[in-house]
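1. Could you work out the structure for the sequence below:
(one chain, ligands or ions: 2)
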Amino acid sequence: MAILLGSIADDYTGASDLANTLTKNGLRTVQTVGIPDPTLALPDVDAVVVSLKIRSVPAPDAVTAATRAERWLRQRGAGHVLYKICSTFDSTDAGNIGPVTEALSEAAGGGSVLVTPAFPETGRTVYLGHLFVGSQPLNESPLKDHPLNPMHDANLVRVLARQSRNAVGLVDLTAIAAGPDAVKAKLDALRTAGVTIAIADAIFERDLETLGEIALETPVSTGASGLGLGLARALVRSGRISSGGATTADAIRPVGGLSAIVAGSCSKATLRQLDVAERSMPVLRLDPERLLAGPDEVATAISWAGDRISAGPVVIAASAAPETVSRLQSLYGREASGHAIETATSIITAELVQRGVRRLVIAGGETSGAAVDRLAIPAFLIGPEIAPGVPVLRTVGNTQGDMLLALKSGNFGGEDFFTAALAMMH
Ligand SMILES: Nc1ncnc2c1ncn2[C@@H]1O[C@H](COP(=O)(O)OP(=O)(O)OP(=O)(O)O)[C@@H](O)[C@H]1O
Ligand SMILES: O=C(O)[C@@H](O)C(=O)CO
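-> Residues are numbered from 1 along each chain as shown. Ligands and ions are numbered 1, 2, ... in the order given. Predicted coordinates for the structure are as follows:
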């Protein structure tokens, strides 16, 4: 299997978001969970997205895991590696976007690195280095209350500089609007001044097409699905994709079995989706304090689901509003409570699969990572899009048999996302 584009995603929902974008833009793509075992049979593809769970781990651990994945991708032919981060730049000052970007660039022998989380289809745009979520600057958006990575600064040049050893530059919209040569000239000027990593503005897809063309000439870039779109379109334009495009039909063949939804995302979008789901499905709201106190709440949830699941889909959610999350965090600590809840939701997910669930929707990147790891799913084929950034996934090499999943990034999807997802999974 020789691939053209490699990607390392810092969480599993983000990986499926990127894989969806690459597929939609003409690249046959597979999403692996970590570096796959050499015995795993993967289809012939143009792009591989290696999903890692490194967004909120200590930076040295993230660097080690990402550089191993980079080596694996290069050995399979990847000429360019995109480090897929969140379109809302989720990270802390001690966070991983800077260290991983610098490490990947060093591993590839240096060169300029474009960094942009812009993803216009979902309202993420960058102007003069400032990230907007819809019409709000990042620090005024609901991301200010994120349980693990609250974002308090919309100026990404500043945010990335705080995480990086080296200075961070800006490729502004004026250069991007002037086209690839102007972007190249700006990167060259920055390099002459000793700056190799630059946040890039992008508002429209055409900006990302320009950035994708230049990024493809470099070994490494860092960004969200928008940059994936730019890279995929540049590859297709270059004539190097000979496969005739990507299809999603194979991935969506029916699997039967029962269906369930598990949510650990506390985003505004997920909270609304849960309220709407309550109108048509049984929804169990877990008690986070009881989840942290011991195994009883997990057992209660499994028994609650067991009584209902054969009659139709059920929803189990740890998700809570910002005030409740911060109260729990002040009692037990941010990381400890997040981790304990992820463990609990992953155990519940595995028990649901034991009881015959084969169609599964999981809301939240960390939540999805913990659950997919516990299920030991090795890889996914990419099916059709449910909502921007969220495709149907079909397991590859899964010991429980074929399953269909949707790994929903916290902020993605309309208010009826859960019913829309299940309607596409048979
Ligand atoms: N009631 C709660 N109180 C505190 N933390 C919670 C609660 N419910 C869930 N969590 C934790 O909040 C975190 C949510 O992160 P997760 O990545 O799953 O969702 P997200 O950030 O909305 O999604 P994405 O990363 O895809 O945007 C997890 O660590 C989860 O365990
Ligand atoms: O880019 C995004 O917003 C998502 O793919 C994501 O990474 C959320 O975890």
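2. Spell out which parts of the stretch 251-400 of the chain neighbour ligand 2.
-> For the stretch 251-400 of the chain, the residues in contact with ligand 2 (CB under 6 Å from any ligand atom) are G365, G389. Every residue, glycine included, has its C-beta placed from N, CA and C.
3. what pLDDT does M1 get?
-> M1 is assigned 61 on the pLDDT scale.
4. Repeat that for A249.
-> 85.
5. For it, give its distance to K268.
-> Distance of A249 to K268, computed by CB to CB, to the nearest Å: 34 Å.
6. Between these two, point out the one with more neighbours.
-> K268 (16 against 8; other CB atoms under 10 Å).
7. What helix or strand is L381 located in?
-> Using DSSP states H and E, L381 maps to strand 379-387.
8. Touching that strand from outside, list them.
-> Contacts to strand 379-387, defined as CB atoms under 8 Å, 6 or more residues apart in numbering, come from residues 16, 19-20, 23-24, 29-33, 36, 40, 42-43, 246, 248, 250-252, 391-397, 404-406, 412-414, 417, 420-421, 424.
9. Can I have the buried ones of those as a ChimeraX selection?
-> Buried residues within these, by 16 or more other CB atoms under 10 Å, are selected in ChimeraX with:
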select :16,19,20,23,24,29,30,31,32,33,36,42,246,248,251,252,391,392,393,394,395,396,397,404,405,406,412,413,417,420,421,424
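10. Which of the contacts of strand 379-387 fall in helices?
-> Judged by DSSP state H, the contacts of strand 379-387 include S16, A19, N20, T23, K24, F417, A420, A421 as members of helices.
11. wait, which of those is closest to ligand 2?
-> S16 (7.7 Å; CB to the nearest ligand atom).
12. ok, now how distant is the closest one from ligand 1?
-> According to CB to the nearest ligand atom, to the nearest Å, S16 stands 10 Å off from ligand 1.
13. With adjacent residues omitted, what lies nearest to that residue?
-> L407 (4.8 Å; CB to CB, 6 or more residues apart in numbering).
14. On the pLDDT front, check the single nearest residue of the chain relative to ligand 2 for me.
-> At 2.7 Å from ligand 2, G14 is the closest residue in the chain, using CB to the nearest ligand atom. According to the prediction, G14 has pLDDT 97.
15. Just give me the neighbour total for it.
-> 28.
16. pretty sure L375 is touching Q400, no?
-> Yes - using CB atoms under 8 Å, L375 is in contact with Q400, at 7.0 Å.
17. neighbour count winner among the two?
-> The neighbour comparison of L375 against Q400 (other CB under 10 Å) goes to L375, with 20 against 16.
18. quick one: contacts for the more buried one?
-> T349, A350, V353, N398, Q400.
19. ok, now S87?
-> P117, A118, F119, T122, R124, A224, S225, G226, G389.
20. one step back: from the middle of its chain, how far away would the strand holding L381 be?
-> Relative to the chain's own centre, strand 379-387 is displaced by 13 Å; criterion: CA atoms, centre = their mean, to the nearest Å.
21. Check whether that strand comes near ligand 1.
-> No - on the criterion CB under 6 Å from any ligand atom, strand 379-387 is out of touch with ligand 1, staying 13.0 Å away.
22. before we move on, what about stretch 309-319?
-> Yes - using CB under 6 Å from any ligand atom, stretch 309-319 comes into contact with ligand 1 via A318, S319.
23. Pull out the buried residues from stretch 153-166.
-> D153, A154, N155, L156, V157, V159, L160, A161, Q163, S164.
24. Which ones among these map onto helices?
-> Counting by DSSP H, the buried residues of stretch 153-166 contribute L156, V157, V159, L160, A161, Q163 to helices.
25. Could you pull up the contacting residues of the residue nearest to the first one when sequence neighbours are not counted?
-> Read it as L156. Excluding its sequence neighbours, the residue lying closest to L156 (CB to CB, 6+ apart) is I199, at 4.7 Å. The contact partners of I199, by CB under 8 Å, 6+ apart, come to V115, T116, V126, G129, L156, V157, L160, V168, G169, L170, V171.
26. Provide the secondary structure category for the first one.
-> On the three-state scheme (DSSP: H, G, I helix; E, B strand; the rest coil), V115 is labelled strand.
27. I'd like the contacts of L375 written out as CSV, with secondary structure, pLDDT and distance to G383 added.
-> Formatted as CSV, the contacts of L375 follow (DSSP: H, G, I helix; E, B strand; the rest coil; pLDDT from 0 to 100; distance: CB to CB, whole Å):
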residue, secondary structure, pLDDT, distance to G383
T349, helix, 98, 20
A350, helix, 98, 23
V353, helix, 98, 19
N398, coil, 96, 15
Q400, coil, 90, 18
